[in-house]
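> no sequence on this one, just coordinates:
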């Protein structure tokens, strides 16, 4: 068996999990009204008991990697006429915004297969497909993991989520001639090496993953609500944005990062007084995007 065949077999969903939807929810409108779809890969909070038991961190610390409550912020999408795809599994358990096999060899017992990507900057930072640390930098595990554990998570979480996302994109493009995916995320409010963060960051991989006019439309909408925005700095788009964003093939992806201080207490992992306002504004954004005549993309 050559390496390509072996890789294809490992990427294929396990037969027992191929039809499993416990990894995600796809919330559909009664009727899709536009080519706009929404997805949240990082708001999942179904923590397996054995994962929590194996972690050296308490449950609150584990949750600091989540894009907490983003699923709730975008909950109005199906009602307004747009599908919403939500991962149930937490980012600290398996990160769907990474390649399927970005793994840190230091985390695992024995030698990893040669096709594993262990050289990416994300792996070096401890934030591969199976994260070594939470987003605040604390190590997750007490000891090393067997590779079989990573394989089970990729097969049971990453693959079903991406199969659903790819199918939704293809279905939307077939229906409308194009597809616009808003990949929804949140970001810590603490200043970075780049300085204080704005309220929101729009990431289109520097104009390569969606038509520039889409980015401008979202920018004008959110800016009109009073939010301070940036483009691609410091978040230009992760795996989902760069992998699926192919404007020449009719698929446009824009990553939206929202500062958590807008809507939650980051230490207690609870919504704050800003949650209601942001929900209203996101609802307005969704409605505006659904109301756009996207014929120019075709």
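Great, that's in hand. Bear in mind the structure is a predicted one, so any value in this text is a computation, not a measurement.
> pLDDT of stretch 104-113, averaged?
For stretch 104-113, mean pLDDT is 95.
> over to stretch 183-194?
For stretch 183-194, mean pLDDT rounds to 83.
> got it, and stretch 201-208?
pLDDT averaged over stretch 201-208 gives 98.
> quick one: buried residues of it?
201, 202, 203, 204, 205 (16 or more other Cβ atoms under 10 Å). From N, CA and C alone the C-beta is placed, and that goes for glycine too.
> which residue is the nearest non-sequential neighbour of the second one?
Nearest non-adjacent residue to residue 202, counting by Cβ to Cβ, 6 or more residues apart in numbering: residue 231, 5.2 Å away.
> neighbours around that neighbour, how many?
Residues near residue 231, counting by other Cβ atoms under 10 Å, number 16.
> if I look at it, how far off is residue 298?
Applying Cβ to Cβ, to the nearest Å, the value for residue 231 to residue 298 is 25 Å.
> measure the residue nearest to residue 202 to residue 119 for me?
28 Å.
> please apply the same query to residue 87.
Here the distance between residue 87 and residue 119 works out to 26 Å (Cβ to Cβ).
> do residue 158 as well
With Cβ to Cβ as the criterion, residue 158 and residue 119 are 19 Å apart.
> go on, residue 68?
Between residue 68 and residue 119 the computed distance is 31 Å (Cβ to Cβ).
> pLDDT wise, what is residue 119 at?
pLDDT at residue 119 comes out at 93.
> that one: neighbour count?
Using other Cβ under 10 Å, residue 119 is surrounded by 8 other residues.
> ok, the nearest residue to residue 275 once chain neighbours are set aside - contacts?
Counting by Cβ to Cβ, 6+ apart, residue 263 is the residue found nearest to residue 275 once chain neighbours are left out, at 4.4 Å. Counting by Cβ atoms under 8 Å, 6 or more residues apart in numbering, residue 263 touches 69, 73, 271, 272, 274, 275, 278, 279.
> please report the distance of residue 263 from residue 278.
5 Å.
> now residue 76
From residue 76 over to residue 278 the distance is 12 Å, taken as Cβ to Cβ.
> with neighbour numbers in mind, choose between the two.
Here residue 76 and residue 278 are compared on neighbour count by other Cβ under 10 Å; more neighbours surround residue 278, at 22 against 19.
> the closest residue to residue 298 other than its chain neighbours: neighbour count?
In this structure, residue 298 finds its nearest non-sequential neighbour in residue 177, 4.4 Å apart by Cβ to Cβ, 6+ apart. Residue 177 has 13 neighbours, counted by other Cβ under 10 Å.
> what's the answer for the one 3 residues further on, then?
Residue 180 has 28 neighbouring residues, counting by other Cβ under 10 Å.
> wasn't it part of a strand?
Yes. Counting by DSSP: H, G, I helix; E, B strand; the rest coil, residue 180 is part of a strand.
> right, and it touches residue 210 too?
Yes. Applying Cβ atoms under 8 Å, one finds residue 180 in contact with residue 210, separated by 7.1 Å.
> which residues do those two both contact?
With Cβ under 8 Å, 6+ apart as the test, residue 180 and residue 210 both reach 252, 253, 254.
> for those, which one is nearest residue 133?
For those, the minimum distance to residue 133 (Cβ to Cβ) is 26.8 Å, reached by residue 253.
> what's the closest non-adjacent residue to the closest one?
Distances taken as Cβ to Cβ, 6+ apart place residue 245 nearest to residue 253, at 3.6 Å, with adjacent residues excluded.
> check the secondary structure at residue 210 for me.
coil.
> so the residue nearest to residue 275 versus residue 161, what's the distance?
Residue 263 is 24 Å from residue 161, by Cβ to Cβ.
> ditto for residue 269
For residue 269 relative to residue 161 (Cβ to Cβ), the value is 23 Å.
> and what of residue 292?
Relative to residue 161, and taking Cβ to Cβ, residue 292 is found at 27 Å.
> between residue 76 and residue 278, which contacts overlap?
Joint contacts of residue 76 and residue 278 (Cβ under 8 Å, 6+ apart) do not exist.
> could you list the low-confidence segments of the stretch 151-298 of the chain?
191-195 (pLDDT under 70).
> tell me the contacts of residue 165?
Taking Cβ under 8 Å, 6+ apart as the test, what residue 165 contacts is 39, 85, 181, 240, 244.
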